[in-house]
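Peer 1: I'll drop the sequence and a predicted model, then ask my questions.
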Amino acid sequence: MKFSDILSFAVTNIRAQRLRTFLTTMTISVGAFLIFLLPSLGLGVANQIQKQFESQDALTSISISPKIEYPQYDSKTGKFSDEKLDKAITLTDLAAIRATSDVSAVEGGDVMIQSNKITFDSLGKTIKSSDALSASIGAISLTGSQADKLSISLMPVSREASLSDANLSLVAGSNFSNNDPAFPMLITQKTLDGLGVTDPSSIIGKTVTMVFLRSNDSDADIPIESKTYQGTIIGVVKVKDTNKLSSISDSTTALMLPLENAWAPYTWQLGDANQNQATFNEISIKVTSADKVSAVADTLKAQGYSVTTAQDSIRSFQTGVRILTLILSSFGIVALFVGALSIVNMMMMAVTERTKEIGILRSQGASRRTIQGLFLAESAALAVGGGIIGIIFGMLVSLGINAYFMSQLTKFSAGGPTPNITSFFDYSPGLIFSVLGFIALDGLIAGIAPAIRASRLNVVESLRYE
């Protein structure tokens, strides 16, 4: 018997028992729906996360932080060890990291500085914190003739960091360079708006006086010391693309200064007794290309630093998504198992009901293998039919869910950056055929017992069966 004849025979028998076929395929379709929808959601989310990293050009970025040996419990002594800073990142280390092979730039560094008072000398306006010792880092409020409150952050940035990479564009003046004055600064357009400056070019070359405070525990008569630094505004910047996620938004009011210049007030505020704590909490660097990231990361790890790459983050996230997807997909596998039992039950009933038909086929020369093929094809067709229904339903549900969440995402991001997300689901042809293949295999396995039973029926007794 030809394969096409076997398939035609199987379809004819399936159509003969429509209600029974419908109930069995619906059981299979539930499992197919779950094992298709959940993995497509997992793949879609993982792919969108990677897409976001790629759109932000983050795959060539590396985050470096000091290596810290955290307290360990000693069961013998019953005590915890002291926390130990194994590898700090100082200004000297920053220069060495910058000189590492395949490192194109230092993007930024995390040092915490706070100014009690900032005066824009040419404007006659002063921004001052109400409580210098409890004020948040760099947060200060405008006082004087300005009616509205204005908060400004002091943001240490890398001198060679690209404005384009930071999602910034130059409005007036210039970016940091080797020909800058002693203490160069960039100011955001939003800060000028808050200060009432309408012409950005008028602020270029103007000085900014900053007063920093620190407590002096060694002299009770002078509980607080102050130190003044004077910077020069060399450029005005604004956000380049408001729909792109970045550390600086369109509403950011800030003065940006090079890391090297921020290091001076930072170490001074720590005090002479705490200079061993003078370290960058974290710095980020840019590598020449994504394929060089692993080699640079290994070099830095060998030097004793704690290193994290965007690729590491993506891999960790994708592993977590896969594990969660497998756990959720197990519900679909349970549903498929129930569906397989339904197929076994249906096919066993079919063997009994078609005993005489089987006898006639055997008497006309059909081999046992042919009989087995007929029943296996029928069980596989049942499973694939249910699988197709489940996959189609899964696609429709995913389109509905995706449309809803995309509308909510657009609503919540109104007026702000909109993540570049196209779909939360990924139903590639590979996934569709994999699901159908798995379901077909499930149907074949379910049909083995009925097929063997049908092929072993005695020909004479089958012809006498009524």
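Peer 2: Received the coordinates, thanks.
Peer 1: Now for Asn458, how many residues are close by?
Peer 2: Using other Cβ atoms under 10 Å, Asn458 has 12 neighbouring residues. Heads up, the C-betas are built off the backbone N, CA and C, glycines and all.
Peer 1: all strands of the stretch 101-250 of the chain, in order?
Peer 2: Along the stretch 101-250 of the chain, counting by DSSP state E, counting those that start in this stretch, strands occupy 103-109, 117-120, 125-128, 140-143, 151-157, 168-173, 184-188, 207-215, 224-239.
Peer 1: who wins for proximity to Phe393 among those strands?
Peer 2: If you check each of the strands of the stretch 101-250 of the chain against Phe393 by Cβ to Cβ, strand 224-239 wins as the nearest, at 43.5 Å.
Peer 1: Of all the residues in that closest one, which ones are buried?
Peer 2: Going by neighbour count (16 or more other Cβ atoms under 10 Å), the buried part of strand 224-239 is Tyr229, Gly231, Ile233, Ile234, Gly235, Val236, Val237, Lys238, Val239.
Peer 1: any idea of the angle that strand forms with strand 168-173?
Peer 2: Following axes from the mean of the first three to the mean of the last three Cα atoms, to 10 degrees, one obtains 100 degrees for the angle between strand 224-239 and strand 168-173.
Peer 1: What are the buried residues along the helix or strand encompassing Val307?
Peer 2: Using DSSP states H and E, Val307 sits within strand 306-309. If you call a residue buried by 16+ other Cβ under 10 Å, then strand 306-309 has these buried ones: Ser306, Val307, Thr308, Thr309.
Peer 1: ok, back up a step: would you reformat the buried residues of strand 224-239 as a markdown table and include distance to Gly196?
Peer 2: Listed next are the buried residues of strand 224-239 as a markdown table, based on distance: Cβ to Cβ, whole Å:
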| residue | distance to Gly196 |
| --- | --- |
| Tyr229 | 24 |
| Gly231 | 20 |
| Ile233 | 15 |
| Ile234 | 21 |
| Gly235 | 19 |
| Val236 | 14 |
| Val237 | 18 |
| Lys238 | 17 |
| Val239 | 20 |
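Peer 1: wait, which of the residues you listed is closest to Arg214?
Peer 2: In terms of Cβ to Cβ, no member of these lies closer to Arg214 than Tyr229, at 13.1 Å.
Peer 1: still on that earlier bit, closest one of the buried residues of strand 306-309 to Val197?
Peer 2: Among these, Thr308 lies closest to Val197 (Cβ to Cβ), at 39.4 Å.
Peer 1: ok, now how distant is the nearest residue to Leu59 once chain neighbours are set aside from Tyr305?
Peer 2: Using Cβ to Cβ, 6 or more residues apart in numbering and skipping residues adjacent in sequence, the residue nearest Leu59 is Ala290, 4.6 Å away. As for Ala290, its distance to Tyr305 is 20 Å (criterion: Cβ to Cβ, to the nearest Å).
Peer 1: Over to Thr92?
Peer 2: Noted for Thr92: a distance of 14 Å to Tyr305, by Cβ to Cβ.
Peer 1: sorry, back to before: can you give me the mean pLDDT across the following helix or strand past the strand holding Val307?
Peer 2: Downstream of strand 306-309, the next assigned helix or strand under DSSP H and E is helix 310-353. In this model, helix 310-353 has a mean pLDDT of 81.
Peer 1: do stretch 296-305 as well
Peer 2: 86.
Peer 1: try stretch 171-180
Peer 2: Average pLDDT, stretch 171-180: 86.
Peer 1: That stretch: end-to-end distance?
Peer 2: End-to-end distance for stretch 171-180, by Cα to Cα, to the nearest Å: 18 Å.
Peer 1: got it, and stretch 289-307?
Peer 2: Distance across stretch 289-307, first residue to last, is 17 Å (Cα to Cα).
Peer 1: Then stretch 197-205?
Peer 2: From its first residue to its last, stretch 197-205 covers 14 Å (Cα to Cα).
Peer 1: and the gap between the spatially closest residue to Ile152 that is not a sequence neighbour and Leu463?
Peer 2: When the adjacent residues along the chain are set aside, Ile152 lies closest to Thr253, with 5.1 Å between them (Cβ to Cβ, 6+ apart). According to Cβ to Cβ, Thr253 and Leu463 sit 93 Å apart.
Peer 1: of the two, who's got more company?
Peer 2: The neighbour comparison of Thr253 against Leu463 (other Cβ under 10 Å) goes to Thr253, with 19 against 14.
Peer 1: Now do that one against Thr232, distance only.
Peer 2: 19 Å.
Peer 1: Same question for Ala46.
Peer 2: Look at Ala46 and Thr232: by Cβ to Cβ, they are 47 Å apart.
Peer 1: now swap in Leu94 and tell me
Peer 2: 23 Å.
Peer 1: do the same with Ser202
Peer 2: 14 Å.
Peer 1: thinking again about what came up before, in terms of neighbours, single out the busier of Ala290 and Tyr305.
Peer 2: Neighbours were counted for Ala290 and for Tyr305 using other Cβ under 10 Å; Tyr305 has more, 22 against 16.
Peer 1: thought the more buried one was touching Ser63?
Peer 2: No. With contact defined as Cβ atoms under 8 Å, Tyr305 does not reach Ser63; the gap is 10.0 Å.
Peer 1: The protein - how does it break down into domains?
Peer 2: Listed by automatic domain parsing, the domain ranges of the chain are 3-56+315-464, 61-309.
Peer 1: and His63, that's in a helix?
Peer 2: To be clear, residue 63 is Ser; His isn't right here. No. Secondary structure assignment (DSSP: H, G, I helix; E, B strand; the rest coil) places Ser63 in strand, not in a helix.
Peer 1: which residues does it contact?
Peer 2: Residues near Ser63 by Cβ atoms under 8 Å, 6 or more residues apart in numbering: Glu282, Ile283, Ser284, Val307, Thr308, Thr309.
Peer 1: Contact partners for Asp193?
Peer 2: Not one residue lies near Asp193 by Cβ under 8 Å, 6+ apart.
Peer 1: How much space separates it from Thr252?
Peer 2: Asp193 sits 11 Å away from Thr252 when distances are taken as Cβ to Cβ.
Peer 1: Then Asp121?
Peer 2: Counting by Cβ to Cβ - Asp121 and Thr252 are separated by 23 Å.
Peer 1: So which of the two has more stuff around it?
Peer 2: Taking neighbours as other Cβ under 10 Å, Asp121 and Thr252 compare with Thr252 leading, 21 against 12.
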